[in-house]
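>>> I'd like to go over a predicted model; first the sequence, then the structure.
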Amino acid sequence: MAQLWNFKTNQAEEVDDNQVTQLVASGSHGLPKGQPISVVTSYGQQGTLPPEEAVEAFKSGKYRYETLNESVNRIEEREFGSGFANDLKAGTLGFARGLTLGASDQILEKTGVMTSYELAQRKERNPDAIIFGEATGYVILFLFLFIFLKKSKTHRKKIIYGK
């Protein structure tokens, strides 16, 4: 919900985020003074404008008001979404999950290193990196177990049979 000034009632009014652009462009409502307004271009790029410029931008149709959901999604995408650093973090989490058969998630949560929300966001926003990391972790784990068990069997034969 956004706080706008209703020119007809001469009072502040809460309106749905999805209606802000239309109400301001129509001239029936005004934006709060002195604070930048988050906007989205017709091409999907985010930015901010002073309230006076935002009114004209809404009227021209080149910009629209950025809703709270869009703003949260943009921030979360920047923090958890695509990009080399985020893909690397997600791949590392997946690798740890595969290597520990899922125990790493619990360890990260219990120690406070990551919250369940952060883990869920990484899984949701970087599925390819997570899957690749998990698969690699499983392969390494099973190779290690195979080699360990094979060496253990050879070692037991040496002890038992002296060979």
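Received the coordinates, thanks. If you're wondering where the values come from, they're calculated on a predicted model, not measured in any experiment.

>>> so for the lengthiest helix in the chain, what gets flagged as buried?
The residue-count maximum for a helix in the chain (DSSP state H) belongs to helix 127-161. For helix 127-161, burial by neighbour count (16 or more other Cβ atoms under 10 Å) applies to Ala129, Ile130, Phe132, Gly133, Glu134, Gly137, Tyr138. (Each C-beta comes from the backbone N, C-alpha and C, glycine too.)

>>> looking at it, Ala135 is touching Leu99, isn't it?
No - using Cβ atoms under 8 Å, Ala135 is not in contact with Leu99; the gap is 11.0 Å.

>>> quick one: the helices in this protein, in order.
Using DSSP H, helices in the chain cover 20-26, 51-60, 68-80, 84-99, 103-110, 116-125, 127-161.

>>> put the alpha carbons of the first one into CSV.
This file holds the C-alpha atoms of helix 20-26, laid out as CSV (Å, rounded to 0.1, in the frame of the first residue of the first chain):
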residue,chain,number,x,y,z
VAL,A,20,-0.6,4.5,-7.9
THR,A,21,0.5,5.2,-11.5
GLN,A,22,-3.1,5.6,-12.8
LEU,A,23,-4.2,7.7,-9.8
VAL,A,24,-1.2,10.1,-10.0
ALA,A,25,-1.4,10.3,-13.8
SER,A,26,-5.1,11.2,-13.7
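
>>> show me what that helix is packed against.
Judged by 3 or more Cβ pairs under 8 Å, 6 or more residues apart in numbering; DSSP states H and E, helix 20-26 is in contact with strand 2-6, strand 29-30, helix 51-60, strand 63-65.

>>> and the ones you listed: which comes nearest Asn18?
Checking these against Asn18 by Cβ to Cβ gives strand 63-65 as the closest, at 8.3 Å.

>>> partner strands of the closest one, parallel or antiparallel?
If you go by DSSP bridges, strand 63-65 pairs up with strand 37-41 (antiparallel).

>>> all set now, cheers.
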